[in-house]
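> A structural model of the following input is requested.
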Amino acid sequence: MLGTPDLTVTDSGSVTKPGAEGAKVYASVASLADGTLRRIAANATTVPHVMSVKHSVSGSGFKQRVRSVVRFDITRLDTDPTATGGVVPTVSAYMVIDRPNQSGGFITAAHIQTLVGAVADVVVPTASLDKLLNMEA
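Numbers count the residues shown, from 1 in each chain. Next up is the predicted model:
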């Protein structure tokens, strides 16, 4: 995703998220040493929607792992903090993909896609997300 000035995240593509707010354009605001920081420009001063993508490598040899994190944050700067005990309301959601850098071909892109699809199947349907938010399994 580095080098792309804008990234459009849509809920009208192959996966429709609960809430259906429509497409959002995240503009690149910073290149980090380990990834990219993006923000929706239209609401940056009131209700910032921030997206960050980071990558890290740890270990060595066959124990070396690559961790990729896609994270979204929303902060309610337009809220009176006296109504929330002095705390600015925030929420975050992120996905971590932790994979071997080399697995001798035993972990493939298809395995990773299957796992990501399984996570999406748990959080995308509204009823499933409602259960998760109600701390049900």
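
> Residue 40 is in contact with residue 24, correct?
Yes. Here residue 24 reaches residue 40: they are 5.6 Å apart, a contact under CB atoms under 8 Å. Where you see a C-beta, it was placed from the backbone N, CA and C, and this is true even at glycine.

> Spell out for me which residue occupies the centre of the chain.
Taking CA atoms, centre = their mean, the centroid of the chain lies closest to residue 71, which sits 3.1 Å from it.

> out of everything not next to it in sequence, what's closest to that residue?
residue 94 (3.6 Å; CB to CB, 6 or more residues apart in numbering).

> just to revisit the earlier point, and the residue nearest to the centre of the chain, what's its pLDDT?
Note for residue 71: predicted pLDDT of 94.

> again, but for residue 33
For residue 33, pLDDT reads 83.

> give me the number of residues near it?
5 (other CB atoms under 10 Å).

> Also residue 32?
12.

> Can you give me the separation between it and residue 80?
32 Å (CB to CB, to the nearest Å).

> swap in residue 101?
Counting by CB to CB, the gap from residue 101 to residue 80 is 48 Å.

> on that earlier part again, got the phi/psi numbers for the residue nearest to residue 71?
For residue 94, the backbone dihedrals (degrees, to the nearest 10) come out as phi -150, psi 160.

> quick one: it and residue 54 touch, right?
No. In this structure residue 94 lies outside contact range of residue 54 using CB under 8 Å: 9.7 Å.

> Report the set of residues contacting both of the two.
By CB atoms under 8 Å, 6 or more residues apart in numbering, residue 94 and residue 54 have these common neighbours: 69, 71.

> Poorly predicted segments of this structure, please.
1-4, 10-22, 137 (pLDDT under 70).

> what's the neighbour count on residue 113?
10.

> Quick one: neighbours of residue 52, just the number.
Using other CB under 10 Å: residue 52 sits among 21 other residues.

> and if you look at residue 53?
If we define neighbours as other CB under 10 Å, then residue 53 has 19 of them.

> and it, helix, strand or coil?
Under DSSP: H, G, I helix; E, B strand; the rest coil, residue 53 falls in the strand class.
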